[in-house]
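>>> Here is the input, now give the coordinates:
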Amino acid sequence: MKKAAPGLVGELRETLAGLWSLVVGLGVTGNQFFRRQVTVHYPRQTVDNLSTFRGPLELIPSAKDPSKPDCILCGMCAQNCPSGCIDVQSHFEEEPDADEPKAQAAAEAAAEGEKKAPPKKKKKIKVIDSFTQNFNLCSLCGLCVQNCPGNGLRFSHEAYLAGTSRADFELDLLARMRARYGVSKASANCACEEARANCACEAERR
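Residues are numbered from 1 along each chain as shown. Sure thing, here's the model as predicted:
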């Protein structure tokens, strides 16, 4: 059976219900219209409450040498990353000793003519080669920062990162740290080469 068409009273009720719904909607709109604005017009304005924002990772520099990160190269961050977006590369080098040439010269002067003592075995240390993050894959879970035993890693507050390709978000964290603290790649490489040259000279003396 076909439903009977509503009479005059039914049509009036439907009209009043629609008008009431319109009034309620306009009330919500008007209430929000006169409230204080929350959003900002980027890029003309920026927000200043980014202290808890999780941006790309950043390395914390060493207090002694800003060109080197405060990272012990244990690899825990890469091992605990569920997205596999962190890659750390390093190699072993003999630890340079600034006081060794002076101590060696004094020992040689004091023990002239005596039997030469065997050289001390130098301690080997890890030296960082690269530290990269593929931010395209990062889920910002924070497991890398939580599991860092040396507290050498943290989230940046960089909220306005933008790019035109995926390659723009494959980040060299070591280069970014040095640029942030005004250390050029050339000066960092010079420091590394100088340390290696010192190690080579000490090895030749032996």
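
>>> So what touches the strand ranked longest in the chain?
Looking across the chain with DSSP state E, the single longest strand is strand 124-134. Strand 124-134 is contacted from outside by 56-57, 59, 68-69, 71-73, 85-95, 169-174, 192, using C-beta atoms under 8 Å, 6 or more residues apart in numbering. Backbone N, C-alpha and C define where each C-beta goes, glycine included.

>>> Next: stretch 84-93.
With C-beta under 8 Å, 6+ apart as the contact definition, stretch 84-93 has outside contacts at 57, 71, 73, 75, 77-78, 124-138, 144, 195-196, 199.

>>> same thing but 10 Å
Applying C-beta atoms under 10 Å, 6 or more residues apart in numbering, the contact partners of stretch 84-93 are 57, 71, 73-81, 122, 124-139, 144, 153, 169-171, 173-174, 192, 195-196, 199.

>>> All the helices of the chain, residue numbers only.
8-33, 76-80, 100-110, 143-146, 173-180, 185-205 (DSSP state H).

>>> which residues does T132 form a beta bridge with?
D87, D172 (DSSP bridges).

>>> and it, how many neighbours does it have?
Other residues near T132 come to 17 when the count uses other C-beta atoms under 10 Å.

>>> What distance do you get for it to I125?
21 Å (C-beta to C-beta, to the nearest Å).

>>> Ok, T52 next?
36 Å.

>>> Give me the nearest residue to the residue nearest the centre of the chain, chain neighbours excluded.
Nearest to the mean C-alpha position of the chain, counting by C-alpha atoms, centre = their mean, stands L57 at 1.6 Å. Of all residues not flanking L57 in the chain, Q133 sits nearest, at 5.2 Å (C-beta to C-beta, 6 or more residues apart in numbering).

>>> now this structure, which segments are flagged as low pLDDT?
1-6, 97-120, 184-206 (pLDDT under 70).

>>> how about 50 then?
By pLDDT under 50, the weakly predicted segments of the chain are 195, 198-206.

>>> Quick one: residues contacting the closest residue to P66 other than its chain neighbours.
Distances taken as C-beta to C-beta, 6+ apart place Y181 nearest to P66, at 4.5 Å, with adjacent residues excluded. Y181 is in contact with P61, P66, S67, counting by C-beta under 10 Å, 6+ apart.

>>> next one: S165
The contact partners of S165, by C-beta under 10 Å, 6+ apart, come to N136.

>>> Now the phi/psi pair for it, please.
Per-residue torsions, S165: phi -150, psi 170 (degrees, to the nearest 10).

>>> I appreciate the help and will end here.
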